[in-house]
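Novice: Turn this into a structure:
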Amino acid sequence: MKVKSILFLFFSLAITSLHAQRIKGSDTVLPVAQQTAERFMNKHADARVTVTGGGTGVGIAALMDNTTDIAMASRPIKFSEKMKAKAAQTDIEETIVAYDALAVVVHPSNPVKQLTRQQLEDIFRGKITNWQQVGGENRKIIVYSRETSSGTYEFFKESVLKNKNYMSGSLSMPATGAVIQSVSQTKGAIGYVGLAYVSPRVKTLAVSYDNGMHYAHPSVENATNKTYPIVRPLYYYYNANNKEAVAPLIDFILSGEGQDIIKKSGYIPVK
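Specialist: Modelled structure (predicted):
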């Protein structure tokens, strides 16, 4: 009888852990997290997964205060966040679930087709202020960026600006969708978004990281063969104590089926 009770309790706990999982954080990871969660729930009738955005910093903060089970991140966890976790005696584990190409986007009417990393740095730092300076029309450049809690903001700053500060006059957007909308409605605009968010409403630019010797457009193919330079890993972070509960979800996104969803959604599979 005791064995039956223990088995029933174990089975109940397994169902509960599968029943309700919360994923929160990066807007870049959001679309593919939603799609894989939906497919996961279709395969497991008793599973309930809620996925919300808000940015990488928001997701990691939610993981710290136990209001999410998985934090989606488009940058690695910061040293300061690791220290907070250590102080709270929380052991955080990391899994790379996909890779993402970061696309530089402009208004479709913009005749400029390509920029070097140095030109991008100068634009986003406010040193180049008119499209005429990079072969375009005589039009003021309007810089759209993400808010500071965004992992995309952090990664662009590290990879493109070489950790220098953005210009003070850049317009901070709360989400990737807002960057797309703003750039699509502003003729002089420039911004950056995850590849999966690119639509005909904006135009992507080819980018060179070798002073203009080679340019590559953002695409899954160019990110996979490493000709496109602005590529980053996307992460799931979780509390090690909660590993058993989140493992089925993470195993699914890393499975052949999960990675196929990632590829079809415009991300680069891990395997």
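Novice: Now for the most centrally placed residue in the chain: which residues touch it?
Specialist: Centrality entry for the chain: nearest residue to the mean C-alpha point is residue 28, 3.0 Å, by Cα atoms, centre = their mean. Residues in contact with residue 28, defined by Cβ atoms under 8 Å, 6 or more residues apart in numbering, are 72, 74, 100, 151, 152, 176, 194, 196, 197, 234. Where C-beta positions appear, they are placed from N, C-alpha and C, glycine not excepted.
Novice: Go again with 7 Å.
Specialist: The contact partners of residue 28, taken as Cβ atoms under 7 Å, 6 or more residues apart in numbering, are 74, 100, 151, 152, 176, 194, 234.
Novice: The third one and residue 71 touch, don't they?
Specialist: No - here residue 151 does not reach residue 71: they are 10.2 Å apart, not a contact under Cβ atoms under 7 Å.
Novice: before we move on, the earlier item: using TSV, lay out the contacts of residue 28 together with distance to residue 270, pLDDT and secondary structure.
Specialist: As requested, those are arranged in TSV below (distance: Cβ to Cβ, whole Å; pLDDT from 0 to 100; DSSP: H, G, I helix; E, B strand; the rest coil):
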residue	distance to residue 270	pLDDT	secondary structure
74	15	95	coil
100	11	95	strand
151	17	94	helix
152	19	95	helix
176	21	93	helix
194	16	94	strand
234	9	97	strand
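Novice: JSON lines for these, including distance to residue 43 and neighbour count?
Specialist: Below are the contacts of residue 28 laid out as JSON lines (distance: Cβ to Cβ, whole Å; neighbours: other Cβ atoms under 10 Å):
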{"residue": "74", "distance to residue 43": "26", "neighbour count": "28"}
{"residue": "100", "distance to residue 43": "25", "neighbour count": "29"}
{"residue": "151", "distance to residue 43": "29", "neighbour count": "28"}
{"residue": "152", "distance to residue 43": "30", "neighbour count": "25"}
{"residue": "176", "distance to residue 43": "28", "neighbour count": "25"}
{"residue": "194", "distance to residue 43": "26", "neighbour count": "26"}
{"residue": "234", "distance to residue 43": "22", "neighbour count": "26"}
